[in-house]
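Novice: How does the following fold in three dimensions:
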Amino acid sequence: MSVNELHFGMEALGYAVVAGKAPHGNDFFRPSRQSLAELDQLRQASLAGSGANARVAGDDEEMQPFVPIEELFKGRHFDRQIIVLCVSWYTSFKLSLRDLVIMMADRGISVTHTTILRWVQRYLPEFEKRWCRYPPPVGGSWRMDETYIKVHGQWVYLYRAVDKASQTVDFFLSRNRDVNPAKSFLRSAMMHTRVPVKITLDAYAASRRAVREMKEDDELPCRVKVRSSQHLNNLVEQDHRRVKQRIRPMLGFKRFDNALVTISESS
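Specialist: Reported below is the predicted structural model:
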């Protein structure tokens with residue numbers, strides 16, 4: 001996630017970044033008139049049963065509701081500005097939970113790493129809805145590959161695809177690396193985005209077999225071009241490196257759902 005996207009997401013929560021101002025106590029961010037107006041519109045939309053849609057912007061009939069800000073942070077011991085800052089830093093930079101504990105302590109705020117972890121698990125899905133209100137459309141030329149990460153002490157496979165502009169199409173976690181997970185990944189990617197025009201694969205036979213069988217079963221149009229190119233697939237290989245750099249300070253995940261939440265913001 002870029003710095004501009006980070007600022008946009010914070011403004012969607014009702015705060016504007018104060019450039020050059022050191023964050024102390026409740027002075028992390030100050031409300032702006034524009035952001036408060038947007039927040040009021042979001043609150044009214046939530047009460048009316050509509051909100052911003054993460055996939056299709058401007059379509060009121062398919063929009064998903066936001067949880068009102070007051071309800072989102074109700075009953076929390078810490079100020080919501082602190083929570084937003086910790087979750088945003090954790091997902092945007094290569095910081096561990098204990099790194100954030102030290103950074104908060106330098107600002108006079110005593111918080112444990114387990115508390116920050118609970119914030120990430122609780123608020124990241126809601127923040128993602130606001131950060132991704134207007135995502136750019138995914139391209140039709142996909143680069144698909146798989147890598148591995150550690151979950152609960154075991155290596156699992158992370159299927160990912162990016163378009164030619166390096167935008168993440170989708171990702172899928174599986175304990176196995178064979179035909180069925182490859183099919184599940186492609187079904188999920190097409191359901192959430194679009195049908196591809198071209199798919200660039202590596203030399204792994206199971207992925208090619210999955211695409212071939214999906215064409216035979218009419219799950220994938222026959223016109224979809226499948227190709228192998230090490231040069232073109234370097235794009236997704238480099239993107240794997242960015243995800244792993246974000247995951248490395250965590251020393252792996254303990255649960256699948258925690259891995260899904262974090263990878264969704266790293267992708």
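
Novice: which helices and strands does whichever helix or strand residue 236 is part of pack with?
Specialist: According to DSSP states H and E, residue 236 maps onto helix 230-247. Here helix 230-247 touches strand 141-151, strand 154-163, strand 198-201, helix 256-266, going by 3 or more C-beta pairs under 8 Å, 6 or more residues apart in numbering; DSSP states H and E. C-beta coordinates here come from the backbone N, C-alpha and C atoms, glycine included.

Novice: looking at those, which is closest to residue 72?
Specialist: For those, proximity to residue 72 was assessed by C-beta to C-beta; helix 256-266 is nearest, at 16.1 Å.

Novice: can you pull the contacts of residue 206?
Specialist: Contacts for residue 206 (C-beta atoms under 8 Å, 6 or more residues apart in numbering) come out as 177, 178, 179, 182.

Novice: If we use 10 Å, what do you get?
Specialist: Shown in contact with residue 206 (C-beta atoms under 10 Å, 6 or more residues apart in numbering): 146, 176, 177, 178, 179, 180, 181, 182, 183.

Novice: is it true that the fourth one touches residue 157?
Specialist: Yes. Contact between residue 178 and residue 157 holds when scored by C-beta atoms under 10 Å: they sit 9.4 Å apart.

Novice: Which one's more surrounded, those two?
Specialist: When residue 178 and residue 157 are compared for neighbours, residue 157 comes out ahead with 18 against 15, by other C-beta atoms under 10 Å.

Novice: The chain: helices as residue ranges?
Specialist: For the chain, the helices defined by DSSP state H cover 3-12, 33-47, 69-72, 80-92, 97-106, 113-131, 179-192, 205-216, 230-247, 256-266.

Novice: what stretches of this structure score poorly on pLDDT?
Specialist: Confidence mapping of the chain against pLDDT under 70 gives the ranges 1-65, 132, 246, 249-252, 254, 256, 258, 261-267.

Novice: Domain parsing of it, as residue ranges.
Specialist: Domain segmentation of the chain under automatic domain parsing yields 3-131, 141-266.

Novice: how close does the spatially closest residue to residue 209 that is not a sequence neighbour sit to residue 208?
Specialist: Spatial nearest neighbour of residue 209, chain neighbours left out: residue 179 (5.3 Å); criterion: C-beta to C-beta, 6 or more residues apart in numbering. For residue 179, the distance to residue 208 equals 10 Å [C-beta to C-beta, to the nearest Å].

Novice: What of residue 162?
Specialist: To residue 208, residue 162 is 19 Å away according to C-beta to C-beta.

Novice: neighbour-wise, which of these two wins?
Specialist: Set residue 162 next to residue 208 and count neighbours by other C-beta under 10 Å: residue 162 wins out with 26 against 17.

Novice: Surely the more buried one touches residue 199?
Specialist: No. Under the criterion of C-beta under 10 Å, residue 162 makes no contact with residue 199, lying 11.6 Å away.

Novice: and for these two, which residues touch both?
Specialist: Taking C-beta under 10 Å, 6+ apart as the contact rule, residue 162 and residue 199 both touch 141, 142, 143, 144.
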